[in-house]
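Asks: Compute the structure for the input listed below.
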Amino acid sequence: MKKIYDALIVGGGAAAMTAAIFTGRKKLSTLLLTIDIGGQNLLTEQEENYPGYLEKSGPNLMQNFKKQAEQFGAKIIFGKASRIEKPDGNFKITLSNGEEYVGKSVILAYGKVPRTLGAIGEDKFIGRGISTCANCDAPFFKNKTVVVVGAGNSAFEAAELLIKFAKKIYLIHRSEKFRADPITVDKVKKAKNVELILNTVVKEFKGKNKLESIIIQNTNTNETKEFKIDGVFLEIGYIVDTKWVEHLVKVNEIKEIVVNKLTETSTPGLFAAGDVTDSAYKQTITAAAEGATAGLTAYNYLAKKEGKTATRVDWD
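Replies: Next up is the predicted model:
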């Protein structure tokens, strides 16, 4: 039989990690399902407004969150949640690779998610060769051949970072125009281990247990070619993705999940916190606060179902 967790948390940023800290402290078995550790905080080295944190590095702050969540028993599985169901009294979440996890409650705290290409095989290799965070995963590709997809600052900054690690970097973009800062573009172009492949799109990701190659297509000639590579970094922006949960939650006009002040959605036992919700002020500290609220509210939901005493809503 599959293990039934007290709390399944989708996400790996400030809201998700804080929720895990609070569910863990309440002795709830907690599993986080995420594609990265840090979320939007991975994009900044100038975290200047998080109280009490003077180091400023967003990625380092999130590593501290992770350590604290794990200290209270949270487990982490890397993968992209693609389906959620409530077949009985529990919830079932299916990852894009087909793995399934069951929980008595769910906290949706995955914020904005990386934009994907929609190419064949893409979902299968998220976390298995396809990365959306060069800051997190660049060291794993030392002396490897990698691809960066994109044309903005995040793509060129990813390529600039990978120059220090990868043997060969292909930067693929569908046109010849870049949105990145010219100074960063120039640095990347000058690197000996970088090759630009322009007017080109990725059509397919291939491999067995991990990514092994990609099929690319020239947008002018339609010519296709297969590249043997070790990894791909998707650096094409972020979106709010709630399509996979809209059958269980109410969303607003821009597809954010509608919650009340206790982070409750329209489905009992299903909570949401952070940037994926309709709450105001998308900041690390507000996401963390909402994560704490979600963790405590999930505990109260389960306590009431089991006839136990719930947590007071003033001090705990």
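Asks: The nearest residue to Ser279 once chain neighbours are set aside in helix, strand or coil?
Replies: Closest residue to Ser279 apart from its sequence neighbours, by Cβ to Cβ, 6 or more residues apart in numbering: Glu290 at 6.2 Å. For glycine as for every other residue, the C-beta is placed from the backbone atoms N, C-alpha and C. Secondary structure for Glu290, judged by DSSP: H, G, I helix; E, B strand; the rest coil, is helix.
Asks: ok, Glu290 to Asn260 distance?
Replies: Look at Glu290 and Asn260: by Cβ to Cβ, to the nearest Å, they are 11 Å apart.
Asks: Need the pLDDT of the residue most central in space within the chain.
Replies: The chain has Ile35 as the residue nearest its centroid, 4.2 Å off, counting by Cα atoms, centre = their mean. If you check Ile35, the pLDDT there is 90.
Asks: what's the nearest residue to it if we skip its chain neighbours?
Replies: Lys80 (5.3 Å).
Asks: Checking my notes, Ser82 in a strand, right?
Replies: Yes - Ser82 sits within a strand when classified using three-state DSSP.
Asks: Contact partners for it?
Replies: 94-96, 123, 244 (Cβ atoms under 8 Å, 6 or more residues apart in numbering).
Asks: Glu223 too?
Replies: Each residue near Glu223 by Cβ under 8 Å, 6+ apart is listed here: Gln217.
Asks: now do Ala119
Replies: 202-205.
Asks: circling back to that earlier point, more crowded one of Glu290 and Asn260?
Replies: For Glu290 versus Asn260, neighbours defined as other Cβ atoms under 10 Å are more numerous around Glu290 (27 against 10).
Asks: my read: the more buried one touches Phe271, true?
Replies: No - using Cβ atoms under 8 Å, Glu290 makes no contact with Phe271, being 9.4 Å away.
Asks: which residues are in contact with both of those two?
Replies: Shared contacts of Glu290 and Phe271 (Cβ under 8 Å, 6+ apart): Thr263.
Asks: of all the contacts of Ala119, which two lie farthest apart?
Replies: Spanning the widest gap among those are Lys203 and Phe205, at 9.0 Å by Cβ to Cβ.
Asks: who's more crowded, those two?
Replies: Using other Cβ under 10 Å as the criterion, Lys203 and Phe205 rank with Phe205 on top: 24 against 14.
Asks: isn't there a strand covering the more buried one?
Replies: Yes - secondary structure of Phe205 (three-state DSSP): part of a strand.
Asks: Give the closest residue to Asp181 in space, chain neighbours not counted.
Replies: Excluding the flanking residues, the one nearest Asp181 by Cβ to Cβ, 6+ apart is Asn153, at 6.0 Å.
Asks: Tell me who's in contact with the one you found.
Replies: Neighbouring residues of Asn153 by Cβ under 8 Å, 6+ apart: 179-181, 184.
Asks: repeat that for 10 Å
Replies: 43, 178-181, 184-185, 235 (Cβ atoms under 10 Å, 6 or more residues apart in numbering).
Asks: Neighbours of Phe72, how many?
Replies: By other Cβ under 10 Å, 16 other residues sit near Phe72.
Asks: Next up, the contacts around it.
Replies: By Cβ under 10 Å, 6+ apart, the neighbours of Phe72 are 20-28, 30.
Asks: try 6 Å
Replies: Phe72 makes contact with 21, 24-25 under the criterion Cβ atoms under 6 Å, 6 or more residues apart in numbering.
Asks: pretty sure Phe205 contacts Lys124?
Replies: No - Phe205 lies out of contact with Lys124 (Cβ atoms under 6 Å); the separation is 7.1 Å.
Asks: Let's test this: mean pLDDT of the strand or helix carrying Leu161, rounded?
Replies: In the assignment (DSSP states H and E), Leu161 maps to helix 153-162. Regarding helix 153-162, the rounded mean pLDDT is 93.
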